[in-house]
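let's see this in three dimensions:
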Amino acid sequence: MERNTLIAPFAITCGCYGLFFHTRFISTDGEARSEFEEMKVELGLMVDLNCEPATSEQIDSILMEAASRFVDRFP
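Alright, predicted model coming up:
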C-alpha cells in the first residue's frame with residue numbers, strides 16, 4: 001500500500017508473477033486499510049488453489065479465472 005500517490009491518496013498494488021498485476025486507487029485511509037486486508041485474504045486463496053490432477057492448460061484456465069474474479073471483485 002502506498003500513500004500520497006500522484007493519482008490518489010492511497011494505492012494498493014498486488015499480483016501474482018506471470019499471471020496478473022493490479023493496482024487500485026483509494027481515497028480514504030480506512031477504506032484502503034480494509035480493502036488491503038480483504039485483498040490479502042483473496043490472494044491467499046488463489047495461492048492455495050488445488051489444481052491437481054489438472055493438465056497445464058487446465059491449470060492456466062483455473063488461474064486466469066481466479067485472477068479475473070479477483071480484479072472484478074477489487075476494481
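
how much space between Thr23 and Ser61?
Counting by Cβ to Cβ, to the nearest Å, the gap between Thr23 and Ser61 amounts to 25 Å. Where C-beta positions appear, they are placed from N, C-alpha and C, glycine not excepted.

one more: Ala11?
Counting by Cβ to Cβ - Ala11 and Ser61 are separated by 30 Å.

give the residue from these two that has the larger number of neighbours.
More crowded of Ala11 and Ser61, by other Cβ atoms under 10 Å: Ala11, with 17 against 13.

how about low-confidence regions in the chain?
Counting by pLDDT under 70, the chain shows no low-confidence range.

now the strands for it?
2-3, 10-16, 20-26 (DSSP state E).

give me the neighbour count for Tyr17.
6.

CSV please, covering the strands of the chain and showing distance to Asp72.
Below are these laid out as CSV (distance: least, Cβ to Cβ, whole Å):
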stretch, distance to Asp72
strand 2-3, 23
strand 10-16, 15
strand 20-26, 11
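
between those strands, which one is nearest to Gly44?
strand 10-16 (11.2 Å; Cβ to Cβ).

which residues touch that closest one?
Under the contact criterion Cβ atoms under 8 Å, 6 or more residues apart in numbering, strand 10-16 has outside partners 1-3, 5, 21-29, 31-32, 35-36, 39, 43, 46-47, 63, 67.

quick check: ChimeraX command selecting the buried ones in the residues you listed.
Per 16 or more other Cβ atoms under 10 Å, the buried members of the contacts of strand 10-16 correspond to this ChimeraX selection:
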select :22,24,26,32,35,39,43,46,63,67
